[in-house]
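Novice: Provided below are the primary sequence and the corresponding predicted coordinates.
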Amino acid sequence: MTVVRTIASADLTAGDRTRVRDLLDEAFDGDFDDHDWEHALGGQHILITVDATVIAHGSVVQRRILHQGRSYRCGYVEAVAVHPAHQRRGFASALMAEAERIIDHGYALGALSASGAGLTLYLGRGWRRWPGGTAVLAPAGVMRTEEDDDSTLVRPVAGGAELNEAALLICDWRDGDVW
């Protein structure tokens with residue numbers, strides 16, 4: 001039986017955390033570090049299980065995005081992964097449908113940083129590359145993040161943030177990858 005479950009980080013059991021982290025380590029082939037794990041915590045996790053085994057994960061965490069002098073509450077998608085043995089069977093789409101529901105009903109906009117492998121999935125679901133450039137509000141002030149311009153995608157929300165696609169999106173600071 002396949003089950004899609006949404007659960008807050010605070011409600012994950014120790015076993016859930018271990019199973020999810022193991023899945024992420026395997027799905028990202030060792031390219032998922034402790035900073036990436038930290039970024040995935042503190043919000044809502046979408047777990048897909050098949051016969052009680054976690055085979056897919058994604059989370060939506062709150063971040064602050066600065067844009068044209070305003071601060072917006074952003075639902076930021078993190079740690080989207082499907083176990084290699086279960087890829088290309090619609091699980092990532094099911095996971096993203098739930099993530100998008102959370103964003104659409106709780107945030108002013110959605111954003112994520114797409115890997116090359118995930119880009120087609122997100123673009124096919126209506127996410128858009130951000131054309132105005134990216135930056136981070138770092139401890140030393142606003143710093144451009146040109147290396148993230150091509151991978152940063154947004155999901156406008158009806159009645160949410162009014163975005164000027166010619167202007168920078170500025171994310172809040174965090175250790176590790178800022179976008």
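Specialist: That came through, no problem. Computed from a prediction, not measured in an experiment: that's the story for all the values here.
Novice: any idea where the strands of this structure begin and end?
Specialist: For the chain, the strands defined by DSSP state E cover 2-8, 44-50, 53-67, 70-82, 109-113, 128-129, 134-138, 141-144, 152-156, 169-172.
Novice: so which of the ones you listed gets nearest Arg88?
Specialist: Nearest of the strands of the chain to Arg88, taken as CB to CB: strand 70-82 at 8.5 Å. All C-beta atoms are positioned from the backbone trio N, CA, C, and that covers glycine.
Novice: average pLDDT across the closest one?
Specialist: For strand 70-82, mean pLDDT rounds to 97.
Novice: would you format the strands of the chain as a markdown table with distance to Asp34 included?
Specialist: As requested, those are arranged in a markdown table below (distance: least, CB to CB, whole Å):
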| stretch | distance to Asp34 |
| --- | --- |
| strand 2-8 | 21 |
| strand 44-50 | 17 |
| strand 53-67 | 15 |
| strand 70-82 | 12 |
| strand 109-113 | 17 |
| strand 128-129 | 29 |
| strand 134-138 | 20 |
| strand 141-144 | 23 |
| strand 152-156 | 23 |
| strand 169-172 | 19 |
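Novice: and these as TSV, adding distance to Thr18 and mean neighbour count?
Specialist: Listed next are the strands of the chain as TSV, based on distance: least, CB to CB, whole Å; neighbours: other CB atoms under 10 Å:
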stretch	distance to Thr18	mean neighbour count
strand 2-8	15	13
strand 44-50	13	21
strand 53-67	10	20
strand 70-82	15	22
strand 109-113	25	23
strand 128-129	35	14
strand 134-138	31	19
strand 141-144	36	12
strand 152-156	30	21
strand 169-172	28	22
